[in-house]
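In: only geometry, no sequence info:
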């Protein structure tokens, strides 16, 4: 026999018991739904949203992964390019999507690490609106110069830049781009005065380096390698911790032996993210499948052939890396005074 004491009435106790039972049932149902949705995922096409136009490294990587994941899952994986606002448009699309694993973001350093400090207003919170799935790849940059520039290594370049008047110029794909901020980081570490000349894209900036209108720029290795083979630009140094597989004869910045550049590193990075509140079991499944695809020898060979360095890891590792990159680029953005127009 149940016995109740105190001021609480029998109807109220029944209501409280019903509410507790309902809450427990809801929790169990949610857990079961997450498990069920993971078990039969995906049962319809999955979309990877790319923040930039077709043809660039993020798009190229997304298409390789979409083909491989589609084969693994037996369902189409569609790449949708949503360029604009430095990648913010794509980020906003994914941040507002249902957290069911069917809309994923090809995340890069710009929308996730640079833009939060560059833009006064963002359509998403880069720290709170996404859950990392896993990092997939990196791409090194290379310092390229007008072929007539009398500098063939970092030491020569720094000596020339310190004595040249007016100040040496460098190009970029635009204010706040990694080409711009990477050079700001480099010139600060190397203690150089240089003039920034922003363009509306990488192709325009590279064309003016080839034409001698600007002296140098940082370009992604896959974009610069064909121009180097035809001697339209000269490579001075690559920016990764090791030499690039695409440019094995080009030394790293660190190899210059210059003390202030001993830790210099500049790499674009890419990984998959989902909207926040995506169920943890589904995130774990997506991470496992991403790593499974990246571990295939033929996929690794294809990515390396196209200038990517393959990276595998956990969602937690990727999340910590993004946070460290946000802090790093916030310092560079604020020091440069760059603001998005």
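Out: Right, received. Where do you want to start? Everything numeric here is computed off the predicted structure, so don't read it as measured data. Numbering: from 1, shown residues only.
In: ok, now which ones touch residue 185?
Out: Contacts of residue 185 were listed using C-beta atoms under 8 Å, 6 or more residues apart in numbering, and they are 264, 266, 332. Glycine gets a C-beta too; all of them are placed from N, C-alpha and C.
In: from the chain's centroid, how far away is the host helix or strand of it?
Out: Taking DSSP states H and E as the definition, residue 185 sits inside helix 178-190. How far helix 178-190 lies from its chain's middle: 18 Å, per C-alpha atoms, centre = their mean, to the nearest Å.
In: what of stretch 46-57?
Out: Relative to the centre of its chain, stretch 46-57 is centred 12 Å away, using C-alpha atoms, centre = their mean.
In: and what about residue 123, helix, strand or coil?
Out: Using DSSP: H, G, I helix; E, B strand; the rest coil as the criterion, the local structure at residue 123 reads coil.
In: so what's it closest to, chain neighbours aside?
Out: Using C-beta to C-beta, 6 or more residues apart in numbering and skipping residues adjacent in sequence, the residue nearest residue 123 is residue 92, 3.4 Å away.
In: how close does that neighbour sit to residue 326?
Out: With distances defined as C-beta to C-beta, to the nearest Å, the gap from residue 92 to residue 326 amounts to 18 Å.
In: now do residue 204
Out: Taking C-beta to C-beta as the measure, residue 204 falls 29 Å from residue 326.
In: still on that earlier bit, given the next helix or strand after the helix holding residue 185, what are its sheet partners and their directions?
Out: Next helix or strand after helix 178-190 toward the C-terminus (DSSP H and E): strand 194-198. The strands beside strand 194-198 in its sheet (DSSP bridges) come out as strand 168-172 (parallel).
In: hmm, who's touching the strand it pairs with?
Out: 160-161, 179-180, 183, 187, 192, 194-199, 205-206, 208-209, 214-218.
In: which of those residues are buried?
Out: For the contacts of strand 168-172, burial is judged from neighbour counts taken by 16 or more other C-beta atoms under 10 Å, and it is met by 160-161, 179-180, 183, 187, 192, 194, 196-199, 205-206, 208-209, 214-218.
In: now the angle from the helix holding residue 185 to strand 194-198?
Out: Here helix 178-190 points in a direction 180 degrees away from that of strand 194-198 (axes from the mean of the first three to the mean of the last three C-alpha atoms, to 10 degrees).
In: partners of residue 267 in the sheet?
Out: residue 140.
In: for burial, what's the neighbour tally of it?
Out: Burial of residue 267 is recorded as 19 neighbouring residues (other C-beta atoms under 10 Å).
In: show me what contacts it?
Out: Remark: with contacts taken as C-beta under 8 Å, 6+ apart, residue 267 is in contact with 138-141, 239-240, 309.
In: now do residue 335
Out: By C-beta under 8 Å, 6+ apart, residue 335 lies in contact with 184, 188.
In: at 10 Å what do you get?
Out: Contacts were defined as C-beta atoms under 10 Å, 6 or more residues apart in numbering; by that measure residue 335 touches 181, 184-185, 188.
In: and those as JSON lines, adding pLDDT and distance to residue 337?
Out: Formatted as JSON lines, the contacts of residue 335 follow (pLDDT from 0 to 100; distance: C-beta to C-beta, whole Å):
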{"residue": "181", "pLDDT": "97", "distance to residue 337": "11"}
{"residue": "184", "pLDDT": "96", "distance to residue 337": "9"}
{"residue": "185", "pLDDT": "96", "distance to residue 337": "14"}
{"residue": "188", "pLDDT": "95", "distance to residue 337": "12"}
